[in-house]
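Colleague: Return atomic coordinates for the entry below.
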Amino acid sequence: MVQIELPVVAINFKTYPQATGERAVLLAQHCESVAKEYGVSIVVAPQTPDLYRVSRAVDIPVFAQHMDPGAPGRHTGHVLGETLVEAGCSGTLLNHSENRMILADLEEAVRTAERLHLYTIVCTNNPTVSVAAATLAPSAVAVEPPELIGTGISVSQAQPEIITGTVEKIRAVNPDVTILCGAGISTGEDVRAALDLGAQGVLLASAVAKSDRPVEVLKSLVEPLRDC
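Modeller: Here you go, the predicted structure:
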């Protein structure tokens, strides 16, 4: 399984037009250049049709936005782990608030990814769900209150108790899983606050993927990581 250096900034491209097709490649290259310049860890998660072209264009880890459970065969419209490996992926997001999974499917997907040596970031919406996810032993759990996603209001500053509560509860059941936070993260101050609260990185999307100046935003976001 790929080893992701911590702390990490994971950028979800979602389906934003500014991060689609060749623009996804360009954005990933911007992420790579900033990662190398600052000596920090950045992960990118483009749309499924862009995974292969992005993975061919950059050396930083490329993640899928979703992976379905199941073996190759009669699964029309599904995204399987074997396909992600062939596309050059290092890992995948799972259970994002915009693409929820039932628990049985989530567990199977985590186990499948484990078998295929894919890193998994399971997204959760509160400390209780985060604990349940942590018991499945994914690579990472990313807590993201859905009401703050895309608002520019950072969870690390608006609802710090979400992060501290999540860290405390997760560590009681799984001392090894990586803990990330997301929702509204848009500045270096947001990232610093998240790290100070016990997170080991952040997951974000619109602040970078929709920006007219993504390189400037990325540099702001990773600046606090230089001292870690």
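
Colleague: As a quick check, tell me the outermost residue of the protein.
Modeller: R74 (28.5 Å; CA atoms, centre = their mean).

Colleague: what about E114, distance to S41?
Modeller: 21 Å (CB to CB, to the nearest Å). Glycine gets a C-beta too; all of them are placed from N, C-alpha and C.

Colleague: Which residue of the two possesses the greater neighbour count?
Modeller: S41 (20 against 17; other CB atoms under 10 Å).

Colleague: I'd like to know how many residues surround the residue nearest to E82 when sequence neighbours are not counted.
Modeller: Sequence neighbours aside, P72 is the residue nearest to E82 in space, at 5.6 Å (criterion: CB to CB, 6 or more residues apart in numbering). Neighbour count of P72, defined by other CB under 10 Å: 10.

Colleague: do V217 as well
Modeller: Residue crowding around V217 was assessed by other CB under 10 Å; the count is 22.

Colleague: Tell me who's in contact with it.
Modeller: S186, A207, V208, S211 (CB atoms under 8 Å, 6 or more residues apart in numbering).

Colleague: pLDDT below threshold where in this structure?
Modeller: Where the chain drops to pLDDT under 70, the residues are 1-2, 145-159, 183, 227-228.

Colleague: Where do the strands of it begin and end?
Modeller: 8-12, 41-45, 63-64, 91-94, 119-124, 140-143, 178-182, 201-204 (DSSP state E).

Colleague: my guess is the residue nearest to E82 meets G81, correct?
Modeller: No - between P72 and G81 there is no contact under CB atoms under 8 Å: 9.3 Å.

Colleague: Enumerate every residue touching V85.
Modeller: Counting by CB under 8 Å, 6+ apart, V85 touches L116, H117, L118.

Colleague: Tell me the span between the first and last residue of stretch 14-33.
Modeller: Distance between the two ends of stretch 14-33: 21 Å, counting by CA to CA, to the nearest Å.

Colleague: Show me the contact partners of it.
Modeller: 11, 13, 42, 44, 46-47, 50, 53-54, 57-60, 62, 65, 98, 205-206, 208-211, 214-215, 218.

Colleague: For the lengthiest helix in the chain, which residues meet the burial criterion?
Modeller: Taking DSSP state H as the criterion, the chain has its longest helix at helix 22-38. Buried residues in helix 22-38, counting neighbours by 16 or more other CB atoms under 10 Å, are found at R23, A24, V25, L27, A28, H30, C31, E32, V34, A35, Y38.

Colleague: okay, now E216: neighbour count?
Modeller: Count around E216 with other CB under 10 Å applied: 11.

Colleague: List buried residues within the contacts of V85.
Modeller: Among the contacts of V85, the ones that count as buried by 16+ other CB under 10 Å are L116, L118.

Colleague: Dump the strands of the chain to TSV, plus distance to L225.
Modeller: Formatted as TSV, the strands of the chain follow (distance: least, CB to CB, whole Å):
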stretch	distance to L225
strand 8-12	7
strand 41-45	8
strand 63-64	18
strand 91-94	19
strand 119-124	17
strand 140-143	16
strand 178-182	13
strand 201-204	9
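
Colleague: Those: which one's closest to G165?
Modeller: Among these, the nearest to G165 by CB to CB is strand 140-143 (9.0 Å).

Colleague: how about the CA coordinates for the closest one, as CSV?
Modeller: Provided in CSV are the C-alpha atoms of strand 140-143 (Å, rounded to 0.1, in the frame of the first residue of the first chain):
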residue,chain,number,x,y,z
ALA,A,140,-7.7,7.3,7.2
VAL,A,141,-11.0,8.8,8.5
ALA,A,142,-11.9,12.3,7.4
VAL,A,143,-14.7,14.0,9.4
